[in-house]
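> no sequence for this one, just the structure:
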């Protein structure tokens, strides 16, 4: 018999990992709810017509497709079939695909439910997504995203609140050294304008976005290859390489953007957002204006966010921004929105690296009942149930076994307390109450144990 | 542009549904944890070699298969391709499939991790499963299961605790009129023995299991067609049709099973389980010995459970039992286990039918800040943030809009309180605090509002 295996790039999460993942997810969910976001869940599968063409050509190739049920080859074109043209045949034999992100399904939901939704609509969504990417460290084929978006308003209060939520989540996770990198599509467009590269805007942004990864020399080569002139590149890097405070950067950009309306709008939005954060009474810590930030060639039309934990190697753990055309692809134009997405798996890896998980993250019983014989088992059943009635997670070792084995079990499961019941305990009603961490034990009545504070 | 749609048999869950579903899932999860079960999550996709052959031929056909990435047709057999033999080609172009239930992935996990697991292993798992079934009322292609299983022990304490958990969950959900139907594989085998149908055991069980749905006449026809004699059938229905208390049923079976060892074991287990429930100090309410219960042709080898809500039409909402061969198919024999599964979707439908959801299940802000002008917006931002700092879910209307519109928004989102801020409020520091349900409003300072009990 073959040993069972897991599909490449997927993982099981056992009790220990689950407790930590749940801690991250609950923290994010609590913050989302505290800021007035409401939950949404969409199906794991979407029609491929909904997904295809939304993530670029590369994204389309990373979609997991679901084979049609039944006799899927019945109506497939003979010529293509004979030619083994996988690409041409795929759409005929697979009409559904797995969710690639939470944004497109959200847009689809908004369009389908637009008459019942109260706008501005603040929704959060915490679900797995799937990508047929080559698995590597920190990159999985199934992973969780936690998204919060507001649609139906262009108020910069939404951007300010995203900054507050990020701060709140990182504080709760006890991650201290992180940076919220912010840019604005207007600033990017301004850069394209002042360097005379409007016609090659997207090539410019794609190249700039790689600055962190491939370095200045290679970015310059790429820009030259895309027919952006040396003079433009030189001016561009004069701006990108400027070192200074956010205020000094703004000053520099303001000077350069004197004739760029888009650039000015970008700066104004950025300043207004910081002002709003200030009105909320929160210091604008951890914020950095990062002029090169473009987050790939995405649909952002306003502010762009990316969060990095500075002391770990996992890359960005969160990103988002404002988009104006999200629902346009589904026939509903003019819905402006802004959102943020947190990656649970990268946060998990970062927190492991920083040893930030609370020692007590395990999800297990608070107490176990161990027993010596049939009579103490019967007594123990009633004890364990009275603990549960008080809301205390409790279990009883199910098999007749030596006390040593029962205690080992409690130890391995990290159950902090054990009640031991033998004939003496049954006779006196005073049970042996053992602290598994310290090894200390004393006699207590059931009533005393029920009153113990296990939290 | 085509309007986007959802794949057949799948659903979105908007904020209102999510709150109700979350209520059910949290209730089940809390009970599982209180009884010492620990969480597990497995990937949505499994290798088809893991899934195929585990659910019978019909189940295999209901598996959603995932098309291999890239040039999936490259190595497919030409003859089969030419013949458009979908069935033969499927395994070559799809190596992964979506989880069909939580039991097989759990068995796979136990086998793969057997050296690190502390047995008895009590795990719970709450995740969606997928079946390419024909969608109909109450039957979806993606739905949630909530499973709890103990493996590595044959103690009947596990069965007794399942009964306690069912009671606890239904009490918490406020479902009162339900029945825990219980049978035992030994009793079924005993029936086969005493009616001389040992050779046609599975045909017998499959037919009996349909009694509820198709009635006595049709079951009898089916049994005759399977070569079970009239005399056997007559004796079988004498037993099945016996009306009486559980004690009377046990008495009847004991009489018939005088020479059936398996039958006697079934009765003994059932009695022992009830005794244990009694030792736990819980009255054995809602329990019914249902001699015809077989739950399809499944892998149960001991106790069999099924829970029905009596006053609704949704069918069984929960089921489970003991199995001895769960991990055997993956090369690990001798691991006995017992488990229970709850269907969130059917519980949801039942609770809707019984109008059992608490009125306040909505997940929304407790309070919204509305404002009249720029100055009161600035004031309001600080107020909303001080509420959040106190852990109160709060939001501020993001756009400059008439007060009426802001209040309508709060109303539609079922936000119970609104703070209204205008120039007078800014000047005095006494804010208008409005109860949206009663319409009452009064002036309160921020400090007073922060102290208000919103729960």
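Now that the structure is in, tell me what you want to look at. Computed from a predicted model, the values in this text were never measured in an experiment.
> all contacts plus neighbour counts: C-alpha atoms, from now on.
OK.
> List the contacts of the closest residue to residue A:422 other than its chain neighbours.
Counting by CA to CA, 6 or more residues apart in numbering or on different chains, residue A:422 lies nearest to residue A:372, which is 5.0 Å off, once chain neighbours are set aside. Going by CA atoms under 8 Å, 6 or more residues apart in numbering or on different chains, residue A:372 touches A:400, A:402, A:403, A:420, A:421, A:422, A:423.
> can I assume residue A:368 is in contact with residue A:388?
No: between residue A:368 and residue A:388 there is no contact under CA atoms under 8 Å: 11.2 Å.
> got any ranges where chain A has weak pLDDT?
In the predicted model, chain A carries pLDDT under 70 at residues A:1, A:297-298, A:360-361.
> Neighbour count for residue A:368 and residue A:388, which is higher?
Taking neighbours as other CA atoms under 10 Å in any protein chain shown, residue A:368 and residue A:388 compare with residue A:368 leading, 25 against 16.
> ok, how many other residues are close to the closest residue to residue A:176 other than its chain neighbours?
Leaving out its chain neighbours, the residue that sits closest to residue A:176 by CA to CA, 6+ apart is residue A:170, at 7.0 Å. Per other CA under 10 Å, the neighbour tally for residue A:170 reads 17.
> What segments of the stretch 201-350 of chain A are strands?
All strands of the stretch 201-350 of chain A, identified by DSSP state E, counting those that start in this stretch, fall at A:287-289, A:300-309, A:316-323, A:337-343.
> Is chain B within reach of the third one?
No: where contact is defined by CA under 8 Å from any CA of the partner chain, no part of strand A:316-323 touches chain B; the two come within 14.6 Å at best.
> residues in the stretch 101-250 of chain A within reach of chain B, list them.
Residues of the stretch 101-250 of chain A found near chain B (CA under 8 Å from any CA) are A:108-109, A:111-112, A:118-120, A:123, A:132, A:142, A:153-155, A:157-158.
> Just the ones of those residues in helices?
Among these, the ones falling in helices (DSSP state H) are A:108, A:109, A:111, A:112, A:157, A:158.
> which of the residues you listed count as buried?
A:108, A:109, A:111, A:112, A:157, A:158 (16 or more other CA atoms under 10 Å in any protein chain shown).
> Most widely separated two among the residues you listed?
Farthest pair in these (CA to CA) is A:112 and A:157. Separation: 26.5 Å.
> can you tell me which residues contact the closest residue to residue A:301 other than its chain neighbours?
Leaving aside its chain neighbours, residue A:301 sits nearest to residue A:323 (4.9 Å; criterion: CA to CA, 6+ apart). Shown in contact with residue A:323 (CA under 8 Å, 6+ apart): A:299, A:300, A:301, A:302, A:336, A:337, A:338.
> Look at the residue in the stretch 251-400 of chain A that chain B sits nearest to and say how many residues are nearby.
Distances between the stretch 251-400 of chain A and chain B by CA to the nearest CA are smallest at residue A:393, namely 3.7 Å. Neighbours of residue A:393 under the rule other CA under 10 Å: 26.
> My guess is it contacts residue B:38. True?
No: taking contacts as CA under 8 Å, residue A:393 lies outside contact range of residue B:38: 10.9 Å.
> residues shared between the contacts of those two?
The contact lists of residue A:393 and residue B:38 share residue A:364, where a contact means CA under 8 Å, 6+ apart.
> so where do the helices sit in the stretch 251-400 of chain A?
A:261-279, A:344-353, A:374-389 (DSSP state H, counting those that start in this stretch).
> Next, format those helices as JSON lines and append distance to residue B:187.
Formatted as JSON lines, these follow (distance: least, CA to CA, whole Å):
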{"stretch": "helix A:261-279", "distance to residue B:187": "69"}
{"stretch": "helix A:344-353", "distance to residue B:187": "48"}
{"stretch": "helix A:374-389", "distance to residue B:187": "26"}
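> out of everything not next to it in sequence, what's closest to whatever residue of the stretch 51-200 of chain A ends up closest to chain B?
Nearest to chain B in the stretch 51-200 of chain A, going by CA to the nearest CA, is residue A:66, at a distance of 4.5 Å. Closest residue to residue A:66 apart from its sequence neighbours, by CA to CA, 6+ apart: residue B:66 at 4.5 Å.
> Relative to residue A:106, how far out is the one you found?
Between residue B:66 and residue A:106 the computed distance is 23 Å (CA to CA, to the nearest Å).
> next one: residue A:400
According to CA to CA, residue A:400 stands 53 Å off from residue A:106.
> of the two, who's got more company?
Using other CA under 10 Å, the more surrounded residue of residue A:400 and residue A:106 is residue A:106, with 22 against 15.
> Wait, a strand at the more buried one?
No: Residue A:106 is assigned helix when assessed by DSSP: H, G, I helix; E, B strand; the rest coil, not a strand.
> That one: what's it in contact with?
Residue A:106 neighbours (CA under 8 Å, 6+ apart): residue A:42.
> repeat that with 10 Å
A:40, A:41, A:42, A:112, A:123, A:124, A:125, A:147, A:149, A:326, A:327, B:12 (CA atoms under 10 Å, 6 or more residues apart in numbering or on different chains).
> Residue A:208 now?
Residue A:208 sits next to A:188, A:202, A:214-216, A:219-220, A:222-223, A:236-237, A:240, A:291-296 when contact means CA under 10 Å, 6+ apart.
> do residue A:305 as well
A:159, A:162-163, A:180-184, A:287-290, A:293-295, A:318-322, A:339-341.
> Just the buried residues from these, in PyMOL please.
Selection of buried members from the contacts of residue A:305 for PyMOL, criterion 16+ other CA under 10 Å:
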select buried, chain A and resi 159+162+163+180+181+182+183+184+287+288+289+290+293+294+295+318+319+320+321+322+339+340+341
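> related to what we said a few turns ago, quickly list what's touching both of residue A:368 and residue A:388.
Common neighbours of residue A:368 and residue A:388 (CA under 10 Å, 6+ apart) are A:394, A:395.
> Against residue B:410, how distant is the closest residue to residue A:152 other than its chain neighbours?
With CA to CA, 6+ apart as the criterion, residue A:152 has its nearest non-adjacent residue at 4.6 Å, and that residue is residue A:120. Distance of residue A:120 to residue B:410, given as CA to CA: 11 Å.
> out of the two, which sits in the more crowded spot?
residue B:410 (26 against 20).
> who's in contact with the more buried one?
The contact partners of residue B:410, by CA under 10 Å, 6+ apart, come to A:118, B:364-370, B:395-397, B:404, B:416-418, B:436.
> Residue A:431 now?
Contacts of residue A:431 (CA under 10 Å, 6+ apart): A:380, A:383, A:419-422, A:424-425, A:441-446, A:448-449.
> ok, 6 Å please
Going by CA atoms under 6 Å, 6 or more residues apart in numbering or on different chains, residue A:431 touches A:425, A:443, A:444, A:445.
> how much space is there between it and residue A:449?
Separation of residue A:431 from residue A:449 (CA to CA) stands at 9 Å.
> can you confirm residue A:182 is in a helix?
No: assessed with three-state DSSP, residue A:182 is strand; it does not lie in a helix.
> residues near the residue nearest to residue A:66, how many?
Going by other CA under 10 Å, the residues that sit close to residue B:66 add up to 26.
> And for residue A:405?
Around residue A:405 there are 13 residues (other CA under 10 Å).
> quick one: what helix or strand has it in it?
Per DSSP states H and E, residue A:405 falls inside helix A:403-412.
> Partner strands of the helix or strand following that helix, with direction?
Counting by DSSP H and E, the next helix or strand C-terminal to helix A:403-412 is strand A:417-421. Strand pairing for strand A:417-421, determined by DSSP bridges: strand A:367-371 (parallel), strand A:430-435 (antiparallel).
> which residues are in contact with strand A:417-421?
Everything outside strand A:417-421 that qualifies as a contact, by CA under 6 Å, 6+ apart, is A:367, A:368, A:369, A:370, A:371, A:376, A:432, A:433, A:434, A:435, A:436.
> thinking the residue nearest to residue A:66 is in contact with residue B:91, fair?
No: shown here, residue B:66 and residue B:91 do not form a contact pair, counting by CA atoms under 6 Å, at 10.2 Å.
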